[in-house]
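Trainee: give the three-dimensional model of this entry:
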Amino acid sequence: MRLQATEDDVYHLMDLKEQYFIMTAICSVAEGISAYFFIYQKRCWDLAYLCTALALAIILLLRQAIKISRRIMEAENCYMALEEDSLAVCQPERNGKYESCRIFYDEMDKIVEGTRRGIPEFYIVIRKEGKEQKSFFLLDEEEQERDVFCVRSFGFDNQGFMEFYRKLRWIVPGRTRIIGTKTQEVWKLQRPNIGICTAAGMLLGYVLPKLLEMMYG
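Mentor: Reported below is the predicted structural model:
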């Protein structure tokens with residue numbers, strides 16, 4: 001079994017990035033017009049707030065576009081595969097680097113299911129038996145000494161990742177300990193959305209002063 005992004009997945013990400021850039025351009029034009037009226041025409045709370053809200057929207061949209069650009073690069077290079085005798089993974093790390101591994105099933109001591117809300121991931125702990133270890137870990141091309149490896153979905157379809165995880169649990173030797181749930185419900189939960197929280201905060205920041213003005217003005 002192998003998980004890797006398809007061409008359709010990459011094209012979808014490219015379309016999404018283009019949409020974010022278009023929305024950024026629209027917000028930038030609106031920001032310029034609002035700033036002009038605020039500086040040269042009328043200085044009021046509404047225009048000041050609109051300029052601030054548009055600036056934050058531009059920052060958030062650019063942030064999302066950059067994240068999607070990074071995901072496009074990752075989608076073209078990353079994969080995870082269940083082979084006859086081992087698990088092979090190549091996934092993104094920090095600062096544009098990639099980490100990869102080949103972990104043999106008979107060297108897996110335990111598989112621990114991640115418990116972070118809406119983040120599918122699991123940890124593999126290597127068994128230490130004093131003999132030469134076949135499994136290996138790389139950061140780019142540099143070999144790493146470690147006992148634990150975290151396998152992350154990093155954008156794979158959640159259902160596909162769960163099926164991959166369950167297949168791994170099924171094929172490992174019986175002495176490998178499995179620490180986790182049957183249905184991975186926590187992975188299915190919605191992650192906190194920074195954009196929605198920011199939008200709600202901006203709306204509240206606009207409505208509250210207006211209410212106070214109506215009450216005491």
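Trainee: shaky segments in the protein?
Mentor: For the chain, applying pLDDT under 70 flags the ranges 130, 155, 191-217.
Trainee: need the three-state assignment for the residue at minimal distance from the centre of the chain.
Mentor: Centroid-nearest residue in the chain, with C-alpha atoms, centre = their mean: residue 154, separated by 5.4 Å. Following DSSP: H, G, I helix; E, B strand; the rest coil, the label given to residue 154 is coil.
Trainee: in what helix or strand does residue 12 lie?
Mentor: Using DSSP states H and E, residue 12 sits within helix 7-40.
Trainee: tell me what that helix is packed against?
Mentor: helix 45-77 (3 or more C-beta pairs under 8 Å, 6 or more residues apart in numbering; DSSP states H and E). In short, each C-beta sits where N, CA and C put it, glycine included.
Trainee: distance between the helix it packs on and the chain's centre?
Mentor: Relative to its chain's centre, helix 45-77 lies at 15 Å (C-alpha atoms, centre = their mean, to the nearest Å).
Trainee: and the helix or strand following that helix, what's buried?
Mentor: Sequence order places strand 79-82 as the next helix or strand after helix 45-77, per DSSP H and E. Of all the residues in strand 79-82, those buried under the rule 16 or more other C-beta atoms under 10 Å are 80, 82.
Trainee: helices or strands up against strand 79-82?
Mentor: Against strand 79-82 (3+ C-beta pairs under 8 Å, 6+ apart) you get strand 2-4, strand 86-92, helix 158-171.
Trainee: residues in contact with the last one: which ones?
Mentor: The contact list for helix 158-171 (C-beta atoms under 8 Å, 6 or more residues apart in numbering) reads 1, 3, 80, 82, 87, 105, 111, 113, 120, 122, 153, 156, 178, 180, 184, 187-188.
Trainee: quick one: the helix or strand following that helix to chain centroid distance?
Mentor: Under the assignment DSSP H and E, the closest C-terminal helix or strand after helix 158-171 is strand 177-179. Centre-to-centre, strand 177-179 and its host chain are 25 Å apart (C-alpha atoms, centre = their mean).
Trainee: same question, stretch 38-48
Mentor: Stretch 38-48 has its average C-alpha position 38 Å from the chain's average C-alpha position, going by C-alpha atoms, centre = their mean.
Trainee: what number of residues lie near residue 137?
Mentor: 19 (other C-beta atoms under 10 Å).
Trainee: just checking, what packs against the helix or strand it falls within?
Mentor: For residue 137, the element it lies in under DSSP H and E is strand 136-139. Strand 136-139 is packed against strand 98-104, strand 142-144, with contacts defined by 3+ C-beta pairs under 8 Å, 6+ apart.
Trainee: in a markdown table: these, plus mean neighbour count and distance to residue 43.
Mentor: Output for the helices and strands packed on strand 136-139, formatted as a markdown table (neighbours: other C-beta atoms under 10 Å; distance: least, C-beta to C-beta, whole Å):
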| stretch | mean neighbour count | distance to residue 43 |
| --- | --- | --- |
| strand 98-104 | 19 | 51 |
| strand 142-144 | 10 | 57 |
